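Q: requesting a structural model of the entry that follows:
(one chain, ligands or ions: 2)
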Amino acid sequence: MRALITGITGQDGSYLADLLLSKGYEICGMVRRSSLENFGRIEHIRDQITLVQGDLLDSSSLEKILRDFSPDEVYNLAAQSFVPTSWEQPILTGEFTALGVTRMLEAIRQACPQARFYQASSSEMFGKVREVPQKESTPFHPRSPYGVSKVYGHYITINARESYGLFAVSGILFNHESPRRGLEFVTRKVTHAAASIKLGMQSYVELGNLDSRRDWGFAGDYVDAMWRMLQQETAEDYVIATGQTHEVRDLCKVAFGDLGLDYRDHVRINTDYIRPAEVDLLIGDPSKAKNRLGWTPAVTFEELVRMMVRSDYDLLSGRAGQSKKTTKIVRADSLLKSTDKIISPKTKVEVLR
Ligand code: NAP
Ligand code: G4F
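A: Ligands and ions are numbered 1, 2, ... in the order given. Predicted coordinates for the structure are as follows:
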């Protein structure tokens, strides 16, 4: 079997490549040109995969890759995936995350219509939720340009299935994390900061809304669900979630607590991290995936947070073996000056105690 993965340099792309290699797949990964290579997450499998240059903004590159490689399966994981950036760069987010899906589907129609297609849809589409828990039939109410773009990608995937008979599925995945998660997402930001604080490399971390609730699972479990969706007789859409929800505050409690710290001594609230519109509560109902795909998540929330804390602690203390090679070391205090916030003219910082 031959699989094309877009977004292979990202968190999910790297775990999916690991999984498909273990199943004997030949893998082609599409990467966009950059002045500096960004292959940290796939360094350990570089010699087992083929990387080709392409971009979701460039239809001709997509069609050429598909003709040259002729995949059996296409996993479209590439996207501008960070929600706050979608308010700062709404047009680019629409180009990558929404229209990029159409470009890929049109290229498949031209070059390899028999290929099975997976679209990385998101629980962000539920936004201001209309139902608790959220399932495949729950109406969407996206709350960010990212969420709106994902709704477009979701429906254009369904439309390709209904209009042209493509085997095109959309996986509605709730938040999934890992030691390979980008440092700007809240789980990794917290686990990395907790480890850094424990090691005396910084004293506090600034966050935004501690009240929002997410259904957090382990990325390694979620890529298995993607693969299962493409092995079914018919193309259908699935919610992938744990069915449990936790506040950002709980994440802080578990992460800092694992290192014998109290998050209230180290977390500050900075209004620059509060979003113009928030998704307050996400909790998914994975019953369909369980019944039809035989999929269940293996890693609990607490196990996930501890796995990430320990990985970051090993990384920062220089004790990491293999993982040191596969994850770039970035000191958490550099995040305080980074671009993961929405800058406002009236920044306010508040300490918890
Ligand atoms: P990620 O770590 O941010 O990775 C995104 C990938 O997309 C990177 O490989 C990036 O390449 C690539 N990319 C971005 N723009 C591109 C373009 N124009 N052309 C080609 N490649 C481009 O995201 P992730 O967490 O792995 O998520 C994978 C997918 O699942 C995304 O579509 C995301 O929106 C969706 N999703 C994620 C979650 C989650 O909780 N992780 C939940 C639901 C849905 P560079 O390395 O060059 O930046
Ligand atoms: O970790 P986050 O940035 O993830 P978010 O916005 O839920 O999006 C992620 O999951 C989606 C699936 O639902 C994916 F589609 C998407 O691509 C991405 O992977 O934020 C989680 C929550 C939010 O409520 C945010 O307001 O954490 C809150 N938060 C509080 N302080 C923070 C921070 N988020 C970030 N990134 N940084 C903070 O300092």
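
Q: buried ones in the helix or strand hosting residue 19, by neighbour count?
A: If you go by DSSP states H and E, residue 19 is part of helix 11-22. Using 16 or more other C-beta atoms under 10 Å as the test for burial, helix 11-22 gives 11-20. For every residue, glycine as well, the C-beta is placed using N, CA and C.

Q: cool, and stretch 62-73?
A: Within stretch 62-73, the residues scored as buried using 16+ other C-beta under 10 Å are 62-66, 69, 71, 73.

Q: same thing with stretch 196-212?
A: Within stretch 196-212, the residues that count as buried by 16+ other C-beta under 10 Å are 196-199, 202, 204-210, 212.

Q: now stretch 250-260
A: 250-259.

Q: quickly name whichever of the residues you listed is closest to ligand 1.
A: Minimum distance to ligand 1 across those is 13.6 Å, recorded for residue 251 (C-beta to the nearest ligand atom).

Q: is it true that the closest one lies in a strand?
A: No - Residue 251 sits outside any strand when classified using DSSP: H, G, I helix; E, B strand; the rest coil, being helix.

Q: what residues are up against the residue nearest to it when sequence neighbours are not counted?
A: Leaving aside its chain neighbours, residue 251 sits nearest to residue 190 (5.6 Å; criterion: C-beta to C-beta, 6 or more residues apart in numbering). Neighbouring residues of residue 190 by C-beta atoms under 8 Å, 6 or more residues apart in numbering: 205, 207, 248, 251-252, 255-256.

Q: state the helix or strand in which residue 190 lies.
A: In this structure, residue 190 is located in helix 186-198 according to DSSP H and E.

Q: which residues are in contact with the helix or strand just after that helix?
A: Moving toward the C-terminus from helix 186-198, the next helix or strand (DSSP H and E) is strand 205-207. Outside strand 205-207, the residues within contact range by C-beta under 8 Å, 6+ apart are 186, 189-190, 193-194, 197, 248, 252, 266-270, 272-273, 332, 335-336, 349.

Q: what is the burial count for the nearest residue to residue 150 once chain neighbours are set aside?
A: Closest residue to residue 150 apart from its sequence neighbours, by C-beta to C-beta, 6+ apart: residue 122 at 4.6 Å. Counted by other C-beta atoms under 10 Å, the residues lying close to residue 122 total 25.

Q: I'd say residue 122 and residue 147 touch.
A: Yes - using C-beta atoms under 8 Å, residue 122 makes contact with residue 147 at a distance of 7.2 Å.

Q: near ligand 1, from the buried residues of helix 11-22?
A: 11-13 (C-beta under 6 Å from any ligand atom).

Q: give me the subset of the buried residues of stretch 62-73 lying in helices.
A: 62-66, 69 (DSSP state H).

Q: from ligand 2, how far out is the residue in the stretch 251-353 of the chain positioned nearest to ligand 1?
A: Using C-beta to the nearest ligand atom, the closest approach of the stretch 251-353 of the chain to ligand 1 is made by residue 282 at 10.1 Å. From residue 282 across to ligand 2, the span is 6 Å (C-beta to the nearest ligand atom, to the nearest Å).

Q: quick one, what contacts that residue?
A: Applying C-beta under 8 Å, 6+ apart, we find residue 282 in contact with 123, 126, 129, 134, 174-175, 213-215, 245.

Q: same thing with residue 271?
A: For residue 271, the contact set (C-beta under 8 Å, 6+ apart) comprises 208, 344, 346-349.

Q: in a markdown table: the buried residues of stretch 250-260, plus distance to ligand 2 and pLDDT.
A: Putting the buried residues of stretch 250-260 into a markdown table (distance: C-beta to the nearest ligand atom, whole Å; pLDDT from 0 to 100) gives the following:
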| residue | distance to ligand 2 | pLDDT |
| --- | --- | --- |
| 250 | 11 | 98 |
| 251 | 8 | 98 |
| 252 | 9 | 98 |
| 253 | 14 | 98 |
| 254 | 14 | 98 |
| 255 | 13 | 98 |
| 256 | 14 | 98 |
| 257 | 18 | 98 |
| 258 | 19 | 98 |
| 259 | 19 | 98 |
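
Q: as a markdown table, these with distance to residue 304 would be great.
A: Formatted as a markdown table, those follow (distance: C-beta to C-beta, whole Å):
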| residue | distance to residue 304 |
| --- | --- |
| 250 | 12 |
| 251 | 10 |
| 252 | 14 |
| 253 | 14 |
| 254 | 9 |
| 255 | 10 |
| 256 | 15 |
| 257 | 14 |
| 258 | 11 |
| 259 | 16 |
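
Q: out of those, which touch ligand 1?
A: Near ligand 1, by the rule C-beta under 6 Å from any ligand atom, you find none of the buried residues of stretch 250-260.

Q: many thanks, we can stop here.
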